[in-house]
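Novice: Sequence first, then the predicted structure, then my questions.
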Amino acid sequence: MTPRIKSTGKISLHELAAMKQRGEKIAVVTAYDAPSGRIADAAGLDIVLVGDSAAMTVLGHESTVPVTVDEMIMLTRAVTRGAVRPLVVADMPFGSFQISDEVALTNAVRFIKEGGADGVKLEGAGTTLSRVAALVDGGIPVVGHIGLTPQSATMLGGYKPQGRTATEARRLHADALALEAAGCFALVIEAVPEPVAAHITAALRIPTIGIGSGASCDGQVLVWHDVLGLTSGHVPRFVKQYADLGTAALAALEAYVADVRASRFPEIKHTYPMVDGEAARLPSGTTAAASRGRSSD
């Protein structure tokens with residue numbers, strides 16, 4: 001396959017659909033701030049998802065449930081300042097769309113107007129179908145999410161794979177078709193056996209984005225902290241760590257602490273000199289210190 005020429009313009013929904021038709025994989029990563037958005041943009045990501053995983057990776061909660069709409073909008077606004085080319089999709093957190101179509105639309109509008117998002121993502125099917133339709137009717141692009149849906153993990157029996165039986169697989173297939181019919185432009189499939197995800201991917205016209213669902217999906221998404229080795233504790237089996245920045249960051253900070261305590265930092269090159277001759281005008285006892293700060297700058 002001929003590599004796709006990197007575009008300098010904003011990725012569009014049409015381009016994502018065309019990528020599926022051409023068999024080009026879609027690269028997605030989560031991000032939660034402007035520097036991460038800039039790096040994701042420079043790396044050529046197609047979609048940046050401002051995931052409600054921020055509740056755990058950034059805000060220190062034990063699940064995604066506690067994060068609020070206001071917190072997610074703040075993070076989304078930061079990401080959009082850094083990510084220019086990728087499509088920025090914001091996760092709608094628990095409680096922001098479950099109540100009614102009207103509440104869902106009100107909150108989704110905030111993500112677009114205040115957060116600068118290009119679209120939003122909603123978990124599940126069932127009542128979520130009418131929410132998707134309401135948002136799409138309101139002109140808001142929507143990504144669906146089936147399989148392991150973290151916001152409802154308690155009802156699913158925990159963070160466990162889904163669709164492992166034929167009955168469950170048929171339900172997921174039906175949910176996927178229903179979400180496409182409701183107007184989703186893409187679908188995240190999480191923690192589903194690859195044969196099931198492959199079957200769903202082949203049945204849909206819209207792109208599928210896998211996470212722990214095998215290579216047959218039209219694209220893949222991973223969490224920023226997992227990719228870069230910044231996650232502490234358990235890491236899901238589907239994660240591939242591409243760097244170990246956590247270890248590097250710890251070593252750097254330990255070296256900084258040691259230098260400060262041993263007075264090795266700051267050095268003269270890290271300080272600002274006085275104007276020539278001005279040190280002599282300082283009160284007695286300060287001239288030596290001022291002289292140490294003098295340089296040729």
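Specialist: Noted; the coordinates are in hand.
Novice: Find the least confident helix or strand in the chain, judged by mean pLDDT.
Specialist: Counting by mean pLDDT, DSSP states H and E, the weakest-scoring helix or strand in the chain turns out to be helix 287-292, with a mean of 52.
Novice: For the stretch 101-250 of the chain, which segments count as strands?
Specialist: Under the criterion DSSP state E, counting those that start in this stretch, the stretch 101-250 of the chain contains strands at 119-121, 142-147, 186-190, 208-211, 219-222.
Novice: Mean pLDDT for those - can I get that in JSON lines?
Specialist: Output for the strands of the stretch 101-250 of the chain, formatted as JSON lines (pLDDT from 0 to 100):
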{"stretch": "strand 119-121", "mean pLDDT": "98"}
{"stretch": "strand 142-147", "mean pLDDT": "98"}
{"stretch": "strand 186-190", "mean pLDDT": "98"}
{"stretch": "strand 208-211", "mean pLDDT": "98"}
{"stretch": "strand 219-222", "mean pLDDT": "98"}
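Novice: Save those strands as CSV, and put in distance to S130 and mean neighbour count too.
Specialist: Using the backbone N, CA and C atoms, a C-beta is placed for each residue, glycine as well. As requested, those are arranged in CSV below (distance: least, C-beta to C-beta, whole Å; neighbours: other C-beta atoms under 10 Å):
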stretch, distance to S130, mean neighbour count
strand 119-121, 15, 25
strand 142-147, 12, 27
strand 186-190, 17, 27
strand 208-211, 22, 28
strand 219-222, 25, 22
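Novice: P266: which of these is closest?
Specialist: strand 219-222 (38.3 Å; C-beta to C-beta).
Novice: which neighbours does the closest one have in its sheet, and in what orientation?
Specialist: Strands that pair with strand 219-222, judged by DSSP bridges, come out as strand 26-30 (parallel), strand 208-211 (parallel).
Novice: Specify the stretch among those strands that is closest to D276.
Specialist: Across the strands paired with strand 219-222, closest to D276 is strand 26-30 (C-beta to C-beta), at 51.6 Å.
Novice: Now do the buried residues in the closest one.
Specialist: I26, A27, V28, V29, T30 (16 or more other C-beta atoms under 10 Å).
Novice: And for stretch 269-281?
Specialist: Within stretch 269-281, the residues scored as buried using 16+ other C-beta under 10 Å are P273, A279.
Novice: Switch the strands paired with strand 219-222 over to TSV; also include distance to M92.
Specialist: Rendered in TSV, the data for the strands paired with strand 219-222 read as follows (distance: least, C-beta to C-beta, whole Å):
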stretch	distance to M92
strand 26-30	14
strand 208-211	16
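Novice: closest one to V188 among those?
Specialist: Of all these, strand 208-211 comes closest under C-beta to C-beta, at 4.9 Å.
Novice: contact partners of the closest one?
Specialist: Here strand 208-211 makes contact (C-beta atoms under 8 Å, 6 or more residues apart in numbering) with 26, 28, 47, 143, 176, 186-192, 197, 200-201, 216-222, 238.
Novice: go with 7 Å
Specialist: Contacts to strand 208-211, defined as C-beta atoms under 7 Å, 6 or more residues apart in numbering, come from residues 26, 28, 186-190, 197, 200-201, 217-222, 238.
Novice: so where do the helices sit in the stretch 1-150 of the chain?
Specialist: 13-22, 34-43, 54-57, 69-82, 101-113, 128-137 (DSSP state H, counting those that start in this stretch).
Novice: Any idea which of the ones you listed gets closest to G163?
Specialist: With C-beta to C-beta as the criterion, G163 lies closest to helix 128-137 of those, at 17.3 Å.
Novice: tell me the mean pLDDT for that closest one?
Specialist: Per-residue pLDDT values over helix 128-137 give a mean of 98.
Novice: Check stretch 200-207 too.
Specialist: 98.
Novice: how far is that stretch from where the chain is centred?
Specialist: In terms of C-alpha atoms, centre = their mean, to the nearest Å, the gap separating the centre of stretch 200-207 from the centre of its chain is 23 Å.
Novice: residue contacts, V143?
Specialist: For V143, the contact set (C-beta under 7 Å, 6+ apart) comprises V89, G119, K121, C184, F185, A186, L187, V188.
Novice: Please name the nearest non-neighbouring residue to the fourth one.
Specialist: Same thing as C184. Spatial nearest neighbour of C184, excluding adjacent residues (C-beta to C-beta, 6 or more residues apart in numbering): G144 at 4.1 Å.
Novice: Any chance you could list what contacts stretch 110-127?
Specialist: For stretch 110-127, contacts defined as C-beta under 7 Å, 6+ apart pick out 49, 69, 73, 76-77, 80, 87-92, 97, 108, 128, 131-132, 135, 140-146, 149, 151-152, 175, 178-179, 188.
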